[in-house]
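S.K.: dropping the sequence and predicted coords here.
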Amino acid sequence: MYYDAGHPGSYSGTGQDVLDLSGANKHGFLGQNFFVEDNDPVWVNDQYKTFAFDGVDDMIDTTLNSNFSNDLTIEVWFRRASNAITNNKQTLVNLYQPDQTTNCSYGELGNGYWSFGGNACGNRLSLEIRQQTIQATVNANNTINSTFIPNNLWQMATITYSSNTNETRLFVNGVLHQTTNQELVVGSDGVIKIGTYLDGIGAFEGNIAVVRIYNRALSQSEIKHNFNQEKTRFGFTNSTVFVSGVPEVTNFGVLTVSDQEQTVSATLEGLNFFDRRQFFVPWAATIRITHLTSGDNMITADKISINPQFSQQTVITGSGLYNILPEAGYFEGANIPRPLLQNLDLNGGGEFVISPEILVNVPPFTRPGVYTGVVTVDIV
């Protein structure tokens, strides 16, 4: 099954029908029936072309049977509303089976919906948002989660299930986050629902543009291919991390070496690091240095070492970062990089300012003088 709100062959811009582009003829419709009603998502004709869900009762019903017994993949491009309640569980796609709701009752609790009784209470396999993570739920009681995701940013969430290994895998933007092993419960025939757990329960608030369901478990390379094919449509235009706010090459300024002091303290201040990739993977910053010169005197780079002392960090957007500053060590030569900050992960985009204080150590018996040089910070 393949629905795409931006493809006129899947949705014309009017009416109730959502047509299947896969050729399997598993067409769906807005809301619960073929008539216009309050729980119909609204088609948004902007640069993304999406269905907007109100978080109350909007849904898309499909004609795809949820009683899978073999492999499958569920893939969704979505953007959660910026003001969505982050504590509530919200459903993107649910493989609902009616005989699993026997003796179930539903209610609202502070952190989402709950259920009592039954085998799996209708929830055989679902892709949902739990607080600030993407969550895959297997048989209602086995969950795996992504790392932090912000509201109001596009994400491609994917889950795969292999009947040979009973393994469920959760991907975000083509990157594997977590796996679990549990055989899917098989119940009676039901249908797959989009934007709701069960007719308004666990309703999603935000936009859904694309939903794909395969009858096999895609490989990671295939999932990454799907992401790369559509990332530009959803704003993933800059695939790198970059430094902004200061020149890429920063002049050390004047460094004075006295006849007693062989350690010079220099601080790199206000480096603005932006991560626009929204790939949940680490990145790193390196530092390079030129020779230091004072008139005819020169300290070659391989005689200079650095020792980061601490770093002051201000998070502007995003969830923050993890930083490991390297031990003191020498440069191998002029403009040969060494690690500065490592294992930085903004969990899907954001901005922070970090000001590391770096001690520059010069060799013993260096001639006193006023030395200048250039340091460069690179993203790798």
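M.R.: It's in.
S.K.: doesn't residue 223 lie inside a helix?
M.R.: Yes - assigned with DSSP: H, G, I helix; E, B strand; the rest coil, residue 223 falls within a helix.
S.K.: my guess is it contacts residue 174, does it?
M.R.: Yes - checked against Cβ atoms under 8 Å, the pair residue 223 and residue 174 is within contact range at 5.2 Å. The C-beta positions use only the backbone N, C-alpha and C, and glycine is treated the same way.
S.K.: now for those two: what residues contact both?
M.R.: Applying Cβ atoms under 8 Å, 6 or more residues apart in numbering, one finds that residue 223 and residue 174 are jointly contacted by residue 158.
S.K.: okay, now the unreliable bits of the protein?
M.R.: Flagging of the chain using pLDDT under 70 yields the residue ranges 67-69, 85-87, 96-124, 186-189, 198-200, 236-284, 309-328, 342-358, 380.
S.K.: which residues of it fall in helices?
M.R.: Using DSSP state H, the helices of the chain run over residues 220-230.
S.K.: need the contact list for residue 206.
M.R.: By Cβ under 8 Å, 6+ apart, the residues touching residue 206 are 52-53, 55, 78-81, 84, 90, 151.
S.K.: which member of those residues is positioned nearest residue 11?
M.R.: Among these, residue 52 lies closest to residue 11 (Cβ to Cβ), at 12.7 Å.
S.K.: distance check, residue 230 against residue 297.
M.R.: According to Cβ to Cβ, to the nearest Å, residue 230 stands 57 Å off from residue 297.
S.K.: please apply the same query to residue 75.
M.R.: 62 Å.
S.K.: these two: which has the busier surroundings?
M.R.: Neighbour tally, residue 75 and residue 297, criterion other Cβ atoms under 10 Å: the higher count belongs to residue 75, 22 against 14.
S.K.: so what sits opposite that one in the bridge?
M.R.: Counting by DSSP bridges, residue 75 forms beta bridges with residue 158, residue 212.
S.K.: quick one: it and residue 209 touch, right?
M.R.: No - the criterion here is Cβ under 8 Å, and residue 75 misses it with residue 209 at 11.3 Å.
S.K.: number of nearby residues for residue 375?
M.R.: 19.
S.K.: now do the closest residue to it other than its chain neighbours against residue 308, distance only.
M.R.: Leaving aside its sequence neighbours, residue 375 sits nearest to residue 289 (Cβ to Cβ, 6 or more residues apart in numbering; 5.1 Å). With distances taken as Cβ to Cβ, residue 289 is found 13 Å from residue 308.
S.K.: who has more neighbours out of these two?
M.R.: For the pair residue 289 and residue 308, the greater number of neighbours falls to residue 289 (24 against 20), based on other Cβ under 10 Å.
S.K.: tell me the spacing between the more buried one and residue 306.
M.R.: 8 Å.
S.K.: what's the overlap in contacts for these two?
M.R.: 331, 360.
S.K.: which of the contacts of residue 206 are buried?
M.R.: For these, a burial check counting by 16 or more other Cβ atoms under 10 Å picks out 52-53, 55, 78-81, 84, 90.
S.K.: return the subset of the residues you listed lying in strands.
M.R.: Counted as lying in strands by DSSP state E, out of the buried ones among the contacts of residue 206, are 52-53, 78-80, 90.
S.K.: closest one to residue 167 out of those, please.
M.R.: residue 78 (23.6 Å).
S.K.: residue 153 is in contact with that closest one, correct?
M.R.: No - using Cβ under 8 Å, residue 78 makes no contact with residue 153, being 10.0 Å away.
S.K.: list the residues that contact the closest residue in space to residue 56 that isn't next to it in sequence.
M.R.: Among residues not flanking residue 56 along the chain, residue 203 sits closest, at 5.8 Å (Cβ to Cβ, 6+ apart). Residue 203 sits next to 53-59, 90-91, 195-197 when contact means Cβ under 8 Å, 6+ apart.
S.K.: among those, which one is most surrounded by other residues?
M.R.: Neighbour max across these (other Cβ under 10 Å) = residue 195, 32 neighbours.
S.K.: would you agree that one is in contact with residue 53?
M.R.: Yes - at 4.6 Å, residue 195 and residue 53 qualify as touching, with contact defined as Cβ under 8 Å.
S.K.: give me the common contacts of the two.
M.R.: Residues within reach of residue 195 and of residue 53 at once, by Cβ under 8 Å, 6+ apart, are 41, 59, 203-204, 208.
S.K.: of all those residues, which comes closest to residue 126?
M.R.: For these, the nearest to residue 126 is residue 204 (11.2 Å; Cβ to Cβ).
S.K.: so the closest one is in contact with residue 52, correct?
M.R.: No - judged on Cβ under 8 Å, residue 204 makes no contact with residue 52 at a distance of 10.1 Å.
S.K.: overlap of the contact sets of those two?
M.R.: In contact with both residue 204 and residue 52: residue 58, using Cβ under 8 Å, 6+ apart.
S.K.: for burial, what's the neighbour tally of residue 173?
M.R.: For residue 173, using other Cβ under 10 Å, the count is 26.
S.K.: for it, grab phi and psi.
M.R.: Per-residue torsions, residue 173: phi 50, psi 40 (degrees, to the nearest 10).
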